[in-house]
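K.L.:
sequence and predicted structure below; questions after.
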Amino acid sequence: MTAAPPPEAVTIVDGHVHLREAHHLPTTLNAVAAHAAHHAARLGAKEHAAAILLTEQTGEHAYDRIAAGEAELGPWELAESDGIILRLQQALSGGAILIAPGRQWACVERLEVLTLLTRASADEGLRDGMSIRDCIEAALATDALVTLPWGFGKWTGARRSLMLDLVRDCGDRIALGDSAARPMGSADRVLVAGAQAGLRVIPGTDPLPIPSHTARAGRYGYWVPGLPPDTDVRRWLAESAPTGDLDHRAVGRRDSLLVALATQVRLKLHG
């Protein structure tokens, strides 16, 4: 079988990003660009861009601060915004990073719902503390790419059964989120079931508020053929999310089991 030719141009997307106040934002942005360049080189692409899909928790306002010109960006500057997607440029390197808004909602079952690629807020019936089914329904009423993200130790026991029920009941109205924190070599029944059902599976890094995660964003994600269009970038990103196979278009590596466990210990110490 003849190998597929390398893509001429790619956009590297991290599908689960928090720009934490505990992290130095210019360092994080530089890391996103460096990871994207590395992934693109591995793919053999001649041109590339980077994109991060924000999943801000209640109390996180990085998107608003960047959009308002109030964030320290280091060598990066806000080049343009279409009202939803922010585009940062670095003058010297010519590098570009797209920043898409999104929220993470904490549900009563200790599970999360992500509303990606939208500025949907509590004004639209979404709030922390809802049941996950109510949160999903409220999220589906917005223009969001509604995603249920993997979390360390969360899709187990009764919550695994609930997640499998949601995959069955919601079908392709939702997507599932994979994570760099899911240990390499480990399978997950929910992700496997979702992939087999043809759901979109969106890889991302989910940086935690610990010092070692300052440069994590962009390390794990997925690639999209081509560069972002000049218009309707939000729709382009939503429609290009990978579907099916867990490794379909994934780039980067997930953590080892040892690193994943050590990260949980560091999180508790910093919490």
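P.N.:
Everything's here; your move.
K.L.:
do you have the helices of the stretch 151-271 of the chain handy? List them.
P.N.:
157-170, 189-196, 233-239, 257-270 (DSSP state H, counting those that start in this stretch).
K.L.:
show residues contacting the last one.
P.N.:
So that's helix 257-270. Residues from elsewhere that reach helix 257-270, judged by Cβ atoms under 8 Å, 6 or more residues apart in numbering: 152-153, 181-186, 208-210, 212, 255. Heads up, the C-betas are built off the backbone N, CA and C, glycines and all.
K.L.:
among those residues, which pair sits farthest apart?
P.N.:
Greatest spatial distance among the contacts of helix 257-270 (Cβ to Cβ): 185 and 209, at 26.8 Å.
K.L.:
hang on, residue 38 in a helix?
P.N.:
Yes. Residue 38: assigned to a helix according to DSSP: H, G, I helix; E, B strand; the rest coil.
K.L.:
how near is it to residue 220?
P.N.:
With distances taken as Cβ to Cβ, to the nearest Å, residue 38 is found 12 Å from residue 220.
K.L.:
give me the more crowded residue out of those two.
P.N.:
residue 220 (26 against 16; other Cβ atoms under 10 Å).
K.L.:
surely that one meets residue 203?
P.N.:
Yes. Taking Cβ atoms under 8 Å as the definition, residue 220 is a contact partner of residue 203 at 5.7 Å.
K.L.:
okay, and the common contacts of these two?
P.N.:
Contacts common to residue 220 and residue 203, judged by Cβ under 8 Å, 6+ apart, are 14, 179-180, 250-252.
K.L.:
highest neighbour count among the residues you listed?
P.N.:
For the shared contacts of residue 220 and residue 203, neighbours tallied by other Cβ under 10 Å; top is residue 14, 29 neighbours.
K.L.:
any idea how far residue 150 is from that residue?
P.N.:
14 Å.
K.L.:
and what of residue 235?
P.N.:
Using Cβ to Cβ, residue 235 is found at 26 Å from residue 150.
K.L.:
repeat that for residue 85.
P.N.:
Counting by Cβ to Cβ - residue 85 and residue 150 are separated by 25 Å.
K.L.:
more crowded one of those two?
P.N.:
Set side by side, residue 85 and residue 150 show more neighbours around residue 150, with 23 against 19, by other Cβ under 10 Å.
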